[in-house]
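# return atomic coordinates for the entry below.
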Amino acid sequence: MIPYISSRHNPAVMLAASLSDKKNREKNRLFRFDGKKLFAEACACGIEIYSVFLLESKKDELTEFVFNCVGSKKIELSDRIYILSEAAFDRISEEKSPEGIITVAKYIDKIRKIATIDNTAASCDAVLRGGRIMAFESLRDPGTLGTVIRTAAALGVGTLLLSSDCADVYNPRTVRAAMGALFTRNIVITDDLPAMLRALGAAGRRTVAAALTDGARDADRLSLSADDCVVIGNEGHGLSAAALEACDTAAILPMERGPGIESLNASVAAAIFMWLCR
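As a prediction, this is how the structure comes out:
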């Protein structure tokens, strides 16, 4: 019989609710997400599920759904599924119209952080193993980052290299925007993006700064290819001087310019460059 939880202060509920805070996600190495689609994608991708919470009013439909998903993948969850009262479920959910299922999962082994570049060859290998690469510096909006991850999956970019001050990949808004793509991309987070860009250059990858700077060339004149690593900067301020200096060249996207058309959203620019580098 699936355990029933009515209290908003139940330890399992409080742990799940605490994962809205990055500090608690890091401490427990857990993250959470809402909805049936993400649960099914997580099962399909072999994500290690820690617990599942089902809204009491939808328990019959959702219990069948959960066991159909885990049964096909031979995942054992029988002692980690809970039925929650509406009050307890609301304590966790951040959705305006929740589907009635919330999943807590363990951190993903495809996502790793390189704290220091003390072994360039090993660090560079962690980035190169995913095939096509795109890098991002100081991308602060979780929704934008999630969109980038989802677009990377759609356009065949295997690895995303992120500076450590980008939005948290496990932020619920990032997870929601990325959909199941978060479960499949090779994501490397570095404290020293310029050093990693130089290492990629030394490994034979051309690094291309997406920046309106002196010497920048139209992207369609650069003969971009799948071996290139384009670097996208912060939504408002672009790339840092250190990142620009670390890149081999700079590119701009030809576009009409005028009032309100100074630049593209970072996720839109990323999508265009992903399409060009194929």
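# please make it C-alpha for all contacts and neighbour counts, starting now.
Fine.
# contact partners for the residue nearest the centre of the chain?
Residue closest to the mean C-alpha point of the chain, counted by Cα atoms, centre = their mean, is Val169 at 4.1 Å. Residues near Val169 by Cα atoms under 8 Å, 6 or more residues apart in numbering: 142, 145-146, 175, 182.
# and these, which of them are in helices?
Counting by DSSP state H, the part of these found in helices is 142, 145-146, 175.
# what sits up against stretch 7-21?
By Cα under 8 Å, 6+ apart, stretch 7-21 touches 24-25, 30-32, 85, 87-89, 91-93, 104, 171-172.
# make it 7 Å
Contact with stretch 7-21 is made by 24-25, 31-32, 87-88, 91-92, 104, as judged by Cα atoms under 7 Å, 6 or more residues apart in numbering.
# quick check on those residues: which are buried?
Applying 16 or more other Cα atoms under 10 Å to the contacts of stretch 7-21, the neighbour count classes 24-25, 31-32, 88, 91-92, 104 as buried.
# got the residues you listed as TSV, with secondary structure columns?
Below are the buried ones among the contacts of stretch 7-21 laid out as TSV (DSSP: H, G, I helix; E, B strand; the rest coil):
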residue	secondary structure
Asn24	helix
Arg25	helix
Phe31	strand
Arg32	strand
Ala88	helix
Arg91	helix
Ile92	helix
Val104	strand
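# now do the strands in the stretch 151-278 of the chain.
159-163, 186-190, 207-210, 217-218, 229-232, 249-252 (DSSP state E, counting those that start in this stretch).
# for the third one, give the mean pLDDT please.
Same thing as strand 207-210. Strand 207-210 shows a mean pLDDT of 96.
# the fifth one now?
Average pLDDT, strand 229-232: 98.
# before we move on, what about the fourth one?
For strand 217-218, the mean pLDDT works out to 88.
# chain center to it: distance?
Mean C-alpha position of strand 217-218 versus that of the full chain (Cα atoms, centre = their mean, to the nearest Å) differs by 29 Å.
# for it, name the packing helices and strands.
Under the contact criterion of 3 or more Cα pairs under 7 Å, 6 or more residues apart in numbering; DSSP states H and E, strand 217-218 touches strand 249-252.
# can I get the strand it packs on as CSV, trimmed to CA atoms?
The C-alpha trace of strand 249-252 is given here as CSV (Å, rounded to 0.1, in the frame of the first residue of the first chain):
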residue,chain,number,x,y,z
THR,A,249,38.0,34.9,-33.6
ALA,A,250,34.7,36.8,-33.2
ALA,A,251,31.4,36.6,-35.2
ILE,A,252,28.3,38.6,-35.5
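# what strands flank that strand, and is each parallel or antiparallel?
Using DSSP bridges, the strands paired with strand 249-252 are strand 207-210 (parallel), strand 217-218 (parallel).
# residue ranges for the helices of the stretch 51-200 of the chain, please.
For the stretch 51-200 of the chain, the helices defined by DSSP state H, counting those that start in this stretch occupy 59-73, 86-92, 120-128, 142-154, 172-178, 193-202.
# return the set of buried residues in the longest one.
Read that as helix 59-73. Residues 59, 62-63, 66-67, 69-70 are the ones in helix 59-73 that count as buried (16+ other Cα under 10 Å).
# of these, which one scores lowest on pLDDT?
Of all those, Val70 has the smallest pLDDT value, namely 86.
# do I have it right that that one meets Cys43?
Yes. Val70 lies in contact with Cys43 (Cα atoms under 7 Å); the separation is 6.4 Å.
# and the pLDDT at Ser263?
Ser263 carries a pLDDT value of 68.
# of the ones in helices among the contacts of Val169, closest to Ala199?
Set against Ala199, the nearest of the ones in helices among the contacts of Val169 by Cα to Cα is Leu145 (23.7 Å).
# for that closest one, give me its contacts.
Going by Cα under 7 Å, 6+ apart, Leu145 touches 139, 167, 174.
# now tabulate the residues you listed in CSV and tack on pLDDT and neighbour count.
CSV is the format used below for these (pLDDT from 0 to 100; neighbours: other Cα atoms under 10 Å):
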residue, pLDDT, neighbour count
Leu139, 96, 24
Ala167, 97, 20
Thr174, 97, 24
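# any chance of those in a markdown table, with distance to Leu212 too?
Shown next, in a markdown table, are those (distance: Cα to Cα, whole Å):
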| residue | distance to Leu212 |
| --- | --- |
| Leu139 | 17 |
| Ala167 | 24 |
| Thr174 | 27 |
